[in-house]
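# okay, predicted coordinates and the sequence, questions at the end:
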Amino acid sequence: MLRSYMELLCAVIPPLLLLLYYYYRIPSAPSLMRLLFFFVLGAISGILALALEGVFETVANNVVDWERMQRVFPGVVVRQLIEVGPVEETCKLVAVIVPTYLFQPRYRFRPTSVFLFTIAVALGFTAQENWIYLSHDTAPIFERIISTPIHAMFSAPWGYVLAICISENISLYGYRQFLPAAWLNAVICHGLVNVLSMSDRYPIPLNLLNYGLFPFLLWMFWRLQQLLRRVQGELPIMLISGYTPKQRFQQRIKVLLALLLAGNALFGLFLLVKSLSLLNISQLFDRDVVSFILSRLLLNAGFGLVAWVIYTSLRRSARE
């Protein structure tokens, strides 16, 4: 019983802390009770998504050998793009759009409020997902903690579109024009992250795709922060500021290089912590282990420093 309570706390506390961070960071944030209401809706949408995925797989198994398809890489890709991504993003979207649309005539929500509702639903969904993983012992606590903002990063595109459409009373035509593309963007990003995270189970060259996971996550986190700036009426941070196609191409290459270096520096630290978690405390002070830790810290710090230098140079160029 005590273990179940601990698993529940570990599942819920990280998403709640991140929600509180956004609540205190944004001056025009809605009330905390409203955010918690959407957080609970997000958890309920996670339960609904799990049930719908079960129904989908039951039906799919009656049509094709769905379980056997999951043993090969193309089958994994298909499942993420036609089952997991669409079902989970749709459930989160419904959990945001229905109550927001119903209460909008009374409360006149600002764009920041609607965008934060999206983040709250995504974090509630994450809490429910964390609890499923931890209760079935299919993922360590450390991995679930660092994955806390990922569902919010997935849903940022359609959350931004909803924020603009609902707060500015854009017609149904406006929804149909922009929302499907934003939803599809979220589905593709959702599926791609899951595929990249599972690619290490396969032999070379497929397992090399794993090195694209953290750079892609870093880019999605950057996109989330940029969209958050937009809904607050702030200008996005410019990195591509060249006047000629050649200059802009060179700057895009620098951005890509910075993402690869910084992302894989984080990936290296993640692998370091993951490998150290298998050791007991006494082994951590072994000379060879300490040497290994220092070498990996220096290597990844070097990658991160180079990425930071590239980033600051691009920011400086954009200000000039």
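Received, thanks.

# distance across stretch 72-88, terminal residue to terminal residue?
With C-alpha to C-alpha, to the nearest Å as the measure, stretch 72-88 spans 22 Å from end to end.

# buried ones in that stretch?
Residues of stretch 72-88 classed as buried by neighbour count (16 or more other C-beta atoms under 10 Å): 73, 75-76, 78-81, 83-88. From N, CA and C alone the C-beta is placed, and that goes for glycine too.

# quick one: contacts of that stretch?
Contact with stretch 72-88 is made by 46, 49, 52-53, 56-57, 60, 66, 68-70, 125, 151, 186-188, 190-192, 194-195, 198-199, 202, 206, as judged by C-beta atoms under 8 Å, 6 or more residues apart in numbering.

# restricted to helices, list those residues.
46, 49, 52-53, 56-57, 60, 66, 68-69, 125, 151, 186-188, 190-192, 194-195, 198 (DSSP state H).

# the residue most distant from the middle of this protein, which is it?
Arg287 (37.3 Å; C-alpha atoms, centre = their mean).

# and it, how far is that from Ile293?
Distance, Arg287 to Ile293, by C-beta to C-beta, to the nearest Å: 11 Å.

# what of Thr312?
Counting by C-beta to C-beta, the gap from Thr312 to Ile293 is 28 Å.

# quick one, which of these two is more surrounded?
Ile293 (14 against 11; other C-beta atoms under 10 Å).

# test my guess that that one contacts Val273.
No - between Ile293 and Val273 there is no contact under C-beta atoms under 8 Å: 10.1 Å.

# okay, which residue is most central for the protein?
Note: the chain centre (C-alpha atoms, centre = their mean) maps to Ile150, 1.8 Å.

# just the buried residues of the helix or strand hosting Leu228, please?
Assigned by DSSP states H and E, Leu228 belongs to helix 213-231. Residues 213-220, 222-224, 227-228, 230-231 are the ones in helix 213-231 that count as buried (16+ other C-beta under 10 Å).

# just how off-centre is that helix within its chain?
Taking C-alpha atoms, centre = their mean, to the nearest Å, the mean C-alpha location of helix 213-231 is offset from the chain mean by 9 Å.

# and for stretch 15-30?
The answer for stretch 15-30 is 17 Å, by C-alpha atoms, centre = their mean.

# hmm, who's touching that stretch?
32, 35-36, 39, 109-110, 112-113, 116-117, 119-120, 123-124, 126-127, 130, 148-149, 152, 228, 232.

# narrow those to just the buried residues.
35, 39, 109-110, 112-113, 116-117, 119-120, 123-124, 126-127, 130, 148-149, 152, 228.
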